[in-house]
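Chemist: Fold the following, please.
(one chain, ligands or ions: 2)
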Amino acid sequence: MLENAIVLITGASSGIGAACATLFARSGAKLILVARRQERLQELAAELQQAYGASSYLLTLDVRDRAAVQQAFQSLPPAWAEIDILINNAGLSRGLDKLHSGAVEDWEEMIDTNLKGLLYVTRAVLPGMVERGRGHVVNIGSIAGRQTYPGGAVYCASKAAVRAISEGLKLDLLGTSIRVTEIQPGLVETEFSQVRFRGDRERAAAVYRGLTPLTAMDVAEVVLFAVTRPPHVNLSEVLLLPTDQASTTMVHRR
Ligand code: NDP
Ligand code: 8X3
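Modeler: Ligands and ions are numbered 1, 2, ... in the order given. Next up, the predicted model:
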C-alpha cells in the first residue's frame, strides 16, 4: 500500500519522527526527512537505505523560517514533489515555568515551531495534494492540547492550536479525498524532556521514573495504522496514552 509513496516527516532527526521514518521505510515508502540537524538525518537515511533499501531526500530546514520553508518546497526535484503523506511532527517544549515568571523567548520558540512551523509546512505541501486529489496529513498533537497542566500553559496552548488546525483542515478539505489525522500522545520517552529542560538529563529522566512511558515506536505504529486504512476511512483523532497515565497530571509511579 505504501510502496513508493512519498512521505514527508518533519522532526525526523529524533524520537517519534525518526521512528516514523523507520516504519515507513520498512513499508517501502520514499522519505523526505526534515530537521535542523543534518548529520542526524544523514545517519538515519544511511541506516534506512542499508536496512530496507529506502530512498530518502533530506531537507535540512528550520520549520520556523517561513522563507526557507517556501524555498525548500518550491525547489523539490520533480521526482520528490508529489507528496502523498505529510507527517507534521517537529515540535518542542521549553521550560516548565509559571506564566508570570516564564521566559517570553521560550514561548516564542514553542509557538513559532509547534504552531507556525506546522502551518508553514502545511501551506507549502497541501496545494499539491488538493490539485492531485489525494493525500493524508498527520499532525502530532498531544494530550497537552486537551488538558493544561501547571507550568505548561504555552506548550499546551500550542498543542490546543494543533487540535484546532487539524479540525479546521478537515472542514476545509471536505469534498477532496484528503484525510487529516491528529495523534495526541501522552508521555513518550524521547529527547522531548531533555529539550524542555535544556539538557538536564536528571530532570528529564525523572519525568518517566517509576512508570512505563510510550516509546516513539508505539506512536509511529499508530501513525502507520492511520494512513493504511481504506480510502473511505479517516481515523480522525487518536488519544494514545501509556497505561500508567490517566491524564496530564495523573500518572501511576511504582
Ligand atoms: P524529540 O525532541 O525527540 O524530537 C523533536 C524533533 O523535532 C527533532 O527531530 C527536532 O529536530 C525537530 N524539531 C524541533 N524544532 C524544529 C525546527 N525548528 N525545525 C525543524 N525541526 C525541528 O521529541 P519527540 O519525538 O517526543 O517530539 C515529536 C513531537 O511529538 C513534538 O511535536 C512533540 O510536541 C510531540 N509530543 C511528544 C510527546 C512526548 O512525551 N515526547 C507527547 C506528545 C506529543 P532538530 O532539533 O534536528 O531540528
Ligand atoms: C508532551 C506530553 O504531557 O509531557 O506533549 O506535555 S507532556
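Chemist: Does residue 94 touch residue 109 like I think?
Modeler: Yes: assessed by C-beta atoms under 8 Å, residue 94 is found in contact with residue 109 at 5.5 Å. (C-beta placed from N, C-alpha, C; glycine too.)
Chemist: can you count the residues close to residue 231?
Modeler: 9 (other C-beta atoms under 10 Å).
Chemist: Just confirm it contacts residue 176, I think it does.
Modeler: No: using C-beta under 8 Å as the test, residue 231 is too far from residue 176 to be in contact (11.8 Å).
Chemist: Whichever residue of the chain sits closest to ligand 2: what's it in contact with?
Modeler: Nearest residue of the chain to ligand 2: residue 142, at 3.2 Å (C-beta to the nearest ligand atom). Residue 142 sits next to 156, 159, 162, 184, 185, 186 when contact means C-beta atoms under 8 Å, 6 or more residues apart in numbering.
Chemist: which one of those residues sits closest to residue 194?
Modeler: Nearest to residue 194 among these, counting by C-beta to C-beta, is residue 185 at 16.8 Å.
Chemist: Pull stretch 208-218 out as PDB, backbone CA atoms only.
Modeler: What follows is stretch 208-218, C-alpha atoms only, in PDB (Å, rounded to 0.1, in the frame of the first residue of the first chain):
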ATOM      1  CA  TYR A 208       9.400   9.000  33.300                       C
ATOM      2  CA  ARG A 209      10.800   7.500  36.500                       C
ATOM      3  CA  GLY A 210       8.700   4.700  38.000                       C
ATOM      4  CA  LEU A 211       6.200   4.400  35.100                       C
ATOM      5  CA  THR A 212       6.300   2.800  31.700                       C
ATOM      6  CA  PRO A 213       6.000   5.600  29.100                       C
ATOM      7  CA  LEU A 214       5.200   5.100  25.500                       C
ATOM      8  CA  THR A 215       8.000   4.600  23.100                       C
ATOM      9  CA  ALA A 216       8.400   6.600  19.900                       C
ATOM     10  CA  MET A 217       7.700   3.300  18.000                       C
ATOM     11  CA  ASP A 218       4.400   3.000  19.800                       C
END
